[in-house]
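Peer 1: Give me a model of this one.
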Amino acid sequence: MANPGGTFTLGGDLPVTRMGYGTMQLTGPGVWGPPRDHDTAVAVLREAVERGVTHLDTSNYFGPHTVNTLIKEALRPYPESLVIVTKVGARRSADKGWPAALSAEDLTRAVHDDLRNLGVDALGGFSPPQSGLLDDCAARAGATPMQVAPAWLPRRSPSMLLIPGTSSPEHLRENLAAADLELPGDVLADLDRIGTA
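Peer 2: The predicted structure is shown next:
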C-alpha cells in the first residue's frame, strides 16, 4: 500500500498521504506514562511508515513527552517524505489533567519541547473533525466505524487528511485497509445526511 488513501498537498508543495497515523494511543492508560509494551509501540510506528503513511499526528502532552520520544527513537533519521504534525495549547498537570497552556511563555515552551523531543527543526499541523454516528452505516458496509469514517471523510473535502491512531499492529492494518474501502451508494447518502445534520 504505497499511498494509503491517496495523497493531499499541504500548503501547495508538501504531499502527504490522506490516511495518516494518530499516535496518542501509544502512551499508557489515560494518555499518561510509557506504553504497556515499548517494543510494540516502536514497531507500530515503524510499520505505519513502512506501509506508506507519510504524516503522523502527535503532541508533547501525550504522555507527557512519551510519544514524541518514541517517534524519535523509532523513526529518526526521519524519511524525507514524513511530515510530523503536532499540537500545543494544553499541558499535563501532576493530577493527569489537561489544563490550557495559552500564554506566550506556555506556547513557546511547548514548541521548544516538541522540537527537542522530536529532534526536528520545524513544526506543522492539522486535525480533522470526526463523526461518532457511523455504526449502522458500518454494519451495512461490512466494515468497522473506524474503517467507514476514513473511507467517507475524504469524499467530503479534497483537503481533509486522516490521522487514525492505534497501539496495535492489527488495528493499524485495519485502519490502513480503509483507504481501499468502496462504500455502497446508500451508505454514502446516509453518511452525507449525518455530515450535514
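Peer 1: Regarding this protein, what is its longest helix?
Peer 2: For the chain, the helix reaching the highest residue count under DSSP state H is reported as helix 104-118.
Peer 1: Can you tell me what sits against stretch 45-58?
Peer 2: Contact with stretch 45-58 is made by 1-4, 7, 15-17, 19-24, 26, 67-68, 70-71, 74-75, 79, 81-87, 118, 125, 127, 161, 163, 165, 169, 172-173, 176, as judged by CB atoms under 8 Å, 6 or more residues apart in numbering. C-beta: built from backbone N, CA, C; applies to glycine.
Peer 1: how long is it from one end to the other?
Peer 2: Counting by CA to CA, to the nearest Å, the length from the leading to the trailing residue of stretch 45-58 is 12 Å.
Peer 1: Report the separation between residue 144 and residue 10.
Peer 2: Residue 144 sits 28 Å away from residue 10, going by CB to CB, to the nearest Å.
Peer 1: What is the subsequent helix or strand relative to the longest helix of the chain?
Peer 2: Along the chain past helix 104-118, the next helix or strand (assigned with DSSP states H and E) turns out to be helix 135-141.
Peer 1: packing partners for the following helix or strand past that next one?
Peer 2: Next in sequence after helix 135-141, counting helices and strands by DSSP H and E, comes helix 145-156. Judged by 3 or more CB pairs under 8 Å, 6 or more residues apart in numbering; DSSP states H and E, the packing partners of helix 145-156 are helix 135-141, helix 169-177, helix 185-196.
Peer 1: Could I get the buried residue list for the longest one?
Peer 2: It refers to helix 185-196. Using 16 or more other CB atoms under 10 Å as the burial criterion, the residues of helix 185-196 that qualify are 187, 188, 190, 191.
Peer 1: Farthest-apart pair in those, please.
Peer 2: Checked with CB to CB, the buried residues of helix 185-196 reach their widest spread between 188 and 190, with 7.4 Å between them.
Peer 1: which one of the helices and strands packed on helix 145-156 lies closest to residue 42?
Peer 2: With CB to CB as the criterion, residue 42 lies closest to helix 169-177 of the helices and strands packed on helix 145-156, at 11.3 Å.
Peer 1: Okay, buried residues for that closest one please.
Peer 2: Buried residues in helix 169-177, defined by neighbour count with 16+ other CB under 10 Å: 171, 172, 174, 175, 176, 177.
Peer 1: From residue 81, how far out is the second one?
Peer 2: What that stands for is residue 172. Using CB to CB, one gets 18 Å for the distance from residue 172 to residue 81.
Peer 1: tell me the phi and psi of the residue most central in space within the chain?
Peer 2: Nearest residue to the geometric centre of the chain (CA atoms, centre = their mean): residue 22, 2.1 Å. For residue 22, the backbone dihedrals (degrees, to the nearest 10) come out as phi -90, psi 130.
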